[in-house]
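Undergrad: Return atomic coordinates for the entry below.
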Amino acid sequence: MGGIEIAPLVSVATIGLAVVTESLTWYEAPAVMAALFASHLIIRRGRPFVHFLPLAKRLVPASGPLIVLVMTLASGFVARRANMPSQKLAVVCVAGSLGIVLLSFCRWPRRRAVRVALLGNAELVTALAQALAVHPSAGHLVGYIGERSAGPLQSHDHRLGPESELAAIVERNGIDLLLVSSEEVRRSAFALLAANCLDMKVRVIELVSFCEETFGLTALAAIEPRWLESVLHPSYQPGTPRSKRLLDVVVSLVAGLLAAPVLIVLAVLVKLDGGPALYRQIRIGERGRPFEILKMRSMRSTGGHEQWSSRTDPRITWIGRFMRRTHLDELPQIVNVLRGDMSIVGPRPEQPGLAERLRSAIPYYDVRHLVRPGLTGWAQVRGGYAGSEVGSALKVCYDLYYIKHRSFSVDCVILLETVRTLVFDRQWQNVSAHQALALPGGLGVLSNQTTPFPRT
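TA: Numbers count the residues shown, from 1 in each chain. All right, here's what the predicted structure looks like:
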């Protein structure tokens, strides 16, 4: 239990205290009830994502009591009343938010670890064990059920038995959760469960869905064509919603005004280092359309051929190293956002040559072109620089997750987490464990199935 779990209770308690300590008028009472609904909606929409993002885990739940204060203040303006909410109400609301933040740091008693077994595809057992090792609260991998793996497995990732003995294995090992690794295994598993395990407490979930809920990525090693249903479903909204475009314009204008003095100073420093201040490069955008991206020049030219960059790239200049560490070199892309080439939040755009290489090696790579590329994104706050084809494949796992779950509230959470990464520079934690899950067999295993996206 943490801040996200107790946030609704604290919010209700805050509103109760607000009613007791404040003699609410006819226009303030509806505002308080609307605040309760709004805070509940924010917490509910943010719950699946704050599990992965440290700053959002503290602040999203704490927004509930503050909304009470803001809406009460707004109701006064609507009713053309000049009086502000009383000091008592302000103290109660602020104390409620601070209480949620403080409680989110508390260490709560650990529940019994969920005992997990993988059904089929034994090659993924070791990778899944590595990923769960950095997320112990998500569960403990007991082993796998199915045929023996052709490759070597770690000693603790042992075979529990064949699928035909599913009921006995679940009972004997106290399995709480079965992870189904493929459509073929899924069909046979549910037939066995229907015949033998309906009275047991064991639960079943697809491996891809488990990875999305637990690790915040769509594992390429376990993905199947039926996953495309999530982005082809009638309820899925393609393109750029108006709310997202409004967020892009507002954030870009505010950021542009604040960043203008910084950009002028950086432009002068880059010019003193020799060469132009701005760097222009063709990137692949929405629907596969190329566009010209703007950046502050942070590297020395090497002849114009496309190649990977990294945090320790020898081409980086002295001022470029500072800009890349603070991501200030990306600020000119505000112009790209205002033009409509990019969004504030989305997958990072890639160079045409590198994109073509990745497209031929990574399945579902072109799905990331369903949305506009972004200044920041889920892959940026979770995975950092790619630096190679394998690193790019891991970032595709994060991009697919974002494309499936994107919404206005998710974009706001990602923006919040981007601030944290800019300040603390900690978006590269536990990448190796997730990489093992996403690519246990390397790109050679993945390149046998690509899904080209039609270009317009």
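Undergrad: Kindly tell me how buried the residue nearest to residue 369 when sequence neighbours are not counted is, as a neighbour count.
TA: Closest residue to residue 369 apart from its sequence neighbours, by Cβ to Cβ, 6 or more residues apart in numbering: residue 288 at 5.1 Å. For every residue, glycine as well, the C-beta is placed using N, CA and C. Each residue near residue 288 was counted by other Cβ atoms under 10 Å, and the total is 17.
Undergrad: got the phi/psi numbers for residue 288?
TA: Note on residue 288: its backbone torsions stand at phi 80, psi 10 [degrees, to the nearest 10].
Undergrad: Is it in contact with residue 370, as I believe?
TA: No: between residue 288 and residue 370 there is no contact under Cβ atoms under 8 Å: 10.0 Å.
Undergrad: Relative to residue 141, how far out is the residue nearest to residue 369?
TA: According to Cβ to Cβ, to the nearest Å, residue 288 stands 39 Å off from residue 141.
Undergrad: same deal with residue 189?
TA: 17 Å.
Undergrad: again with residue 249
TA: Residue 249 sits 46 Å away from residue 141 when distances are taken as Cβ to Cβ.
Undergrad: Same check on residue 275?
TA: From residue 275 to residue 141 the distance is 52 Å (Cβ to Cβ).
Undergrad: and these two? which has more neighbours close in?
TA: residue 141 (24 against 13).
Undergrad: Need the three-state assignment for the more buried one.
TA: At residue 141 the chain is in strand, as set by DSSP: H, G, I helix; E, B strand; the rest coil.
Undergrad: beta partners for it?
TA: Residue 141 has these beta-bridge partners by DSSP bridges: residue 116.
Undergrad: how close does it get to residue 360?
TA: Taking Cβ to Cβ, one finds residue 141 at 33 Å from residue 360.
Undergrad: And residue 395, by the same measure?
TA: 17 Å.
Undergrad: for residue 317, same thing?
TA: Distance of residue 317 to residue 360, given as Cβ to Cβ: 33 Å.
Undergrad: which one of those two has more residues nearby?
TA: Legend: neighbour count by other Cβ under 10 Å for residue 317 and residue 360, higher for residue 317 (18 against 11).
Undergrad: just checking, the more buried one touches residue 300?
TA: Yes: using Cβ under 8 Å, residue 317 is in contact with residue 300, at 6.3 Å.
Undergrad: who's in contact with stretch 227-246?
TA: 208, 218, 248, 343, 345, 364, 367, 370-372, 400, 403-404, 408, 411, 451 (Cβ atoms under 8 Å, 6 or more residues apart in numbering).
Undergrad: ditto for stretch 179-187
TA: Contacts of stretch 179-187 (Cβ under 8 Å, 6+ apart): 116-121, 124, 128, 146, 163, 189, 204-207, 210, 222, 224, 226.
Undergrad: try 7 Å
TA: 116, 118-121, 124, 189, 204-207, 210, 222, 224, 226 (Cβ atoms under 7 Å, 6 or more residues apart in numbering).
Undergrad: Which pair in the residues you listed has the greatest spatial separation?
TA: Longest distance between any two of the contacts of stretch 179-187 is 22.3 Å, between 116 and 226; criterion Cβ to Cβ.
Undergrad: more neighbours, the two?
TA: Comparing residue 116 with residue 226 by neighbour count (other Cβ under 10 Å), the higher total belongs to residue 116, at 22 against 11.
Undergrad: How many residues are close by residue 367?
TA: Neighbours around residue 367, by other Cβ under 10 Å: 21.
Undergrad: Next: the one 10 residues further on.
TA: Other residues near residue 377 come to 26 when the count uses other Cβ under 10 Å.
Undergrad: The stretch 351-456 of the chain: helices as residue ranges?
TA: With helices called from DSSP state H, counting those that start in this stretch, the stretch 351-456 of the chain shows them at 352-361, 378-383, 389-405, 408-424, 431-438, 443-446.
Undergrad: worst-scoring helix or strand of this structure, pLDDT-wise?
TA: One helix or strand of the chain scores below all others by mean pLDDT, DSSP states H and E: helix 443-446, with a mean of 48.
Undergrad: could you give the angle of whatever helix or strand residue 246 lives in to helix 408-424?
TA: Using DSSP states H and E, residue 246 maps to helix 242-272. If you take axes from the mean of the first three to the mean of the last three Cα atoms, to 10 degrees, helix 242-272 sits at 20 degrees to helix 408-424.
Undergrad: Tell me which residues of helix 242-272 come out buried.
TA: Residues of helix 242-272 classed as buried by neighbour count (16 or more other Cβ atoms under 10 Å): 244-245, 247-248, 251-252, 256, 263, 266-267, 269-270.
Undergrad: Just send those back as a markdown table, with distance to residue 137 and pLDDT too.
TA: What follows is these, written out as a markdown table (distance: Cβ to Cβ, whole Å; pLDDT from 0 to 100):
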| residue | distance to residue 137 | pLDDT |
| --- | --- | --- |
| 244 | 32 | 91 |
| 245 | 37 | 92 |
| 247 | 32 | 91 |
| 248 | 35 | 94 |
| 251 | 33 | 92 |
| 252 | 38 | 93 |
| 256 | 41 | 91 |
| 263 | 43 | 90 |
| 266 | 42 | 89 |
| 267 | 47 | 89 |
| 269 | 46 | 87 |
| 270 | 46 | 87 |
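Undergrad: Save those as CSV, and put in distance to residue 99 too.
TA: Listed next are the buried residues of helix 242-272 as CSV, based on distance: Cβ to Cβ, whole Å:
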residue, distance to residue 99
244, 33
245, 36
247, 30
248, 34
251, 30
252, 35
256, 37
263, 40
266, 41
267, 46
269, 45
270, 47
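Undergrad: Residue 159: which of those residues is nearest?
TA: The closest of the buried residues of helix 242-272 to residue 159 turns out to be residue 244 (Cβ to Cβ; 47.0 Å).
Undergrad: continuing past the helix holding residue 246, what's the next helix or strand?
TA: That would be, after helix 242-272 and using DSSP H and E, strand 278-284.
Undergrad: ok, that following strand: who's next to it in the sheet?
TA: strand 290-296 (antiparallel).
Undergrad: domain ranges for this structure?
TA: The chain breaks down by automatic domain parsing into domains covering 3-104, 115-215, 242-446.
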